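In: Sequence isn't available, so here's the structure alone:
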């Protein structure tokens, strides 16, 4: 089978292409197998895809869909976007030409990260079902831990993994979304090798500026109106929900986000032990038993959450095995991205504006309760502040922003708008 694949793609057998080529697979990949080879003094890993994988992915998902619908108690249209996301990523993993391109791009972009190393890839020795790269030395995590490394080295490895994902997420807006332990190799000096870029999740700017606001402690413990607006934008809460459902899902997702983002909101976080993971598990178990949630029965959240959450839960798991304590400072610029988030909501594109208008028609009672203004008026005020004072940092509080606007309104536009409000920020005749 291997020889046949090579002849179909290169017109020659692997023994004719390489100086040496192992007859038996050295490792098994998820959709193929890896052989060890050598050429011109270089040791290489040659990944060969099993035949018919792409067709198998499609047929398997067709079988899974009705099972998932029954287990979740949802309709097909409610989970279609999530299944489409999963299918597209699984099919991408069968495209070795795409993997070659992504591997070279991400490896090049991350080359200056300290203690992280990547293989070189060889396009001339690769094809649609064959991928050739350097053979990386190192141990997988289970094997590595058996060598009894010091906690200092384990913390160093954990920190490098965290920094790698922080860089990919916040600088590249593209993350290695398959944090399987088999895709990482560890050395005694604390360096980390990274392989398999078949699954790369690219983060749309609009989603990025919204979702990662949830890592900011000021928002999660600040204005409920601000958080409600963000939850609606992220599809955690829909315009079709009743008032009771809105408040129910608001509490559910607020508690869930406070739990899942806990590492991001700490200066330093201990990933070892069972305490944190038990709390996540217990909350998930609690939610699974709630009859009111089952009755509401609809899938929630942006499709982009599927692979973002999968990635970070996989990272958390590796850090837990390392018993690592990590400095979890993130590169996300909360104040800059709040500007972007507000800008996305106020874009002048007519289609998007219409969506915003429609949302507020069904969302009037979720205005800024403290300052007695509807939410869209508070948002408009925030935009005026940003347009006239681009370097200012906005608080996460509608009432404070209104008062800030009144204090800044020295220009004629500001005076005209501020004249319809009393000085305490409430609406007047």
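Out: Cool, got the structure. A quick note: this is a predicted structure, and the numbers were derived from the prediction, not measured.
In: Name the surrounding residues that touch the longest helix seen in the chain.
Out: Ordering each helix of the chain by length in residues (DSSP state H) puts helix 53-72 first. Contact with helix 53-72 is made by 31-32, 75-76, 79, 83, 86-87, 90-91, 94, 297, 299, as judged by Cβ atoms under 8 Å, 6 or more residues apart in numbering. The way it works is simple: take the backbone N, C-alpha and C, and place the C-beta from them, glycine included.
In: avg pLDDT for that helix?
Out: Helix 53-72 carries an average pLDDT of 73.
In: swap in stretch 311-321?
Out: 93.
In: any chance you could map the strands in the stretch 201-350 of the chain?
Out: Along the stretch 201-350 of the chain, counting by DSSP state E, counting those that start in this stretch, strands occupy 268-270, 325-327.
In: Now those strands in a markdown table, please, with extra columns for mean pLDDT and mean neighbour count.
Out: Shown next, in a markdown table, are the strands of the stretch 201-350 of the chain (pLDDT from 0 to 100; neighbours: other Cβ atoms under 10 Å):
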| stretch | mean pLDDT | mean neighbour count |
| --- | --- | --- |
| strand 268-270 | 94 | 14 |
| strand 325-327 | 94 | 17 |
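In: how about CSV for the ones you listed, with distance to residue 122 added?
Out: Shown next, in CSV, are the strands of the stretch 201-350 of the chain (distance: least, Cβ to Cβ, whole Å):
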stretch, distance to residue 122
strand 268-270, 39
strand 325-327, 35
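In: Residue 182: which of the ones you listed is closest?
Out: strand 325-327 (21.8 Å; Cβ to Cβ).
In: now the strands for the stretch 51-200 of the chain?
Out: Remark: strands assigned in the stretch 51-200 of the chain by DSSP E, counting those that start in this stretch are 116-117, 130-134, 174-176, 184-186, 192-194, 200-202.
In: Quantify the burial of residue 145 by counting its neighbouring residues.
Out: The tally of other residues near residue 145 (other Cβ atoms under 10 Å) stands at 15.
In: Could I get the contacting residues of it?
Out: Residue 145 neighbours (Cβ under 8 Å, 6+ apart): 321-322.
In: Next step: the contacts of helix 53-72 restricted to helices.
Out: Judged by DSSP H, the subset of the contacts of helix 53-72 located in helices is 76, 79, 83, 86-87, 90-91.
In: ok, of those, which come out buried?
Out: 79, 83, 86-87, 90 (16 or more other Cβ atoms under 10 Å).
In: Excluding residues flanking it in the chain, which one is nearest residue 3?
Out: Excluding the flanking residues, the one nearest residue 3 by Cβ to Cβ, 6 or more residues apart in numbering is residue 13, at 4.9 Å.
In: Distance of that neighbour relative to residue 165?
Out: Per Cβ to Cβ, to the nearest Å, residue 13 is found 40 Å from residue 165.
In: Settle it for me: which of the two has more neighbours?
Out: residue 165 (18 against 14).
In: The nearest residue to the more buried one once chain neighbours are set aside: neighbouring residues, count only.
Out: Excluding the flanking residues, the one nearest residue 165 by Cβ to Cβ, 6+ apart is residue 315, at 5.8 Å. Residue 315: 21 surrounding residues under other Cβ under 10 Å.
In: tell me the contacts of residue 315?
Out: Residues counted as contacts of residue 315 (Cβ under 8 Å, 6+ apart) are 161-162, 165, 179.
In: Which one of the residues you listed is nearest to residue 21?
Out: Taking Cβ to Cβ as the measure, residue 21 sits nearest to residue 179 out of the contacts of residue 315, at 30.1 Å.
In: Surely that closest one touches residue 314?
Out: Yes: the pair residue 179 / residue 314 is scored as a contact, 3.2 Å apart, by Cβ atoms under 8 Å.
In: So the two - more neighbours on which side?
Out: Legend: neighbour count by other Cβ under 10 Å for residue 179 and residue 314, higher for residue 179 (21 against 18).
In: got a pLDDT number for the most centrally placed residue in the chain?
Out: By Cα atoms, centre = their mean, the chain has its centre lying nearest to residue 308, at 2.3 Å. As predicted, residue 308 sits at a pLDDT of 92.
In: How about it, nearest residue that isn't a chain neighbour?
Out: residue 201 (6.5 Å).
In: For the one you found, which residues are in contact?
Out: Contacts of residue 201 by Cβ under 8 Å, 6+ apart are 89, 174-175, 177, 304, 307-308, 311.
In: now these in a markdown table, with distance to residue 217?
Out: Shown next, in a markdown table, are the contacts of residue 201 (distance: Cβ to Cβ, whole Å):
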| residue | distance to residue 217 |
| --- | --- |
| 89 | 31 |
| 174 | 27 |
| 175 | 23 |
| 177 | 26 |
| 304 | 23 |
| 307 | 25 |
| 308 | 20 |
| 311 | 22 |
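In: which among the residues you listed gets closest to residue 320?
Out: residue 311 (15.0 Å).
In: could you measure the closest one against residue 151, distance?
Out: Distance from residue 311 to residue 151, by Cβ to Cβ: 25 Å.
In: Neighbour count for the two, which is higher?
Out: Neighbours were counted for residue 311 and for residue 151 using other Cβ under 10 Å; residue 311 has more, 20 against 13.
In: Surely that one and residue 175 touch.
Out: Yes: using Cβ under 8 Å, residue 311 is in contact with residue 175, at 5.5 Å.
In: and for the two, which residues touch both?
Out: Joint contacts of residue 311 and residue 175 (Cβ under 8 Å, 6+ apart) are 165, 201.
In: Just checking, which helix or strand of this protein averages the lowest pLDDT?
Out: helix 350-361 (a mean of 43; mean pLDDT, DSSP states H and E).
In: Against residue 260, how distant is residue 217?
Out: 14 Å.
In: Settle this for me: the residue nearest to residue 3 is touching residue 6, isn't it.
Out: Yes: the pair residue 13 / residue 6 is scored as a contact, 5.6 Å apart, by Cβ under 8 Å.
In: Quick check: residue 271 vs residue 64, distance?
Out: 31 Å.
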